[in-house]
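>>> With the sequence up front, the predicted model follows.
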Amino acid sequence: MLGFTCYPELRPFSTGDGDVNLVCGCCGFILVAGSTGTAQRPSMLIRCPSCGRYNDPVPPSA
């Protein structure tokens, strides 16, 4: 699992051309803007630059 922290700017970790935004589950900050789907993202943790909470943008498989 990879881990990323978005600092020092308060901006999304990455941006793309898709129509899905991945947001922090705690504060709603946009972590990944313009995502195209979970198949293109590796399993990773993203630390929200706004509230400091860790987020896993890929839901666990059922």
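That came through fine.
>>> hey, let's count contacts and neighbours off CA atoms from now on
Will do.
>>> now the helices: where do they sit in this structure?
Counting by DSSP state H, the chain has no helices to list.
>>> Poorly predicted segments of this structure, please.
Residue ranges of the chain with pLDDT under 70: 1-8, 37-42, 57-62.
>>> buried residues in the biggest strand by length in the chain?
Among the segments of the chain that qualify as a strand by DSSP state E, the longest is strand 30-35. Buried residues in strand 30-35, counted by 16 or more other C-alpha atoms under 10 Å: 30, 31, 32, 33, 34, 35.
>>> The closest residue to residue 47 other than its chain neighbours: how many residues sit nearby?
Leaving out its chain neighbours, the residue that sits closest to residue 47 by C-alpha to C-alpha, 6 or more residues apart in numbering is residue 54, at 4.3 Å. By other C-alpha atoms under 10 Å, 18 other residues sit near residue 54.
>>> what's residue 54 in contact with, if anything?
Residue 54 makes contact with 45, 46, 47, 48, according to C-alpha atoms under 8 Å, 6 or more residues apart in numbering.
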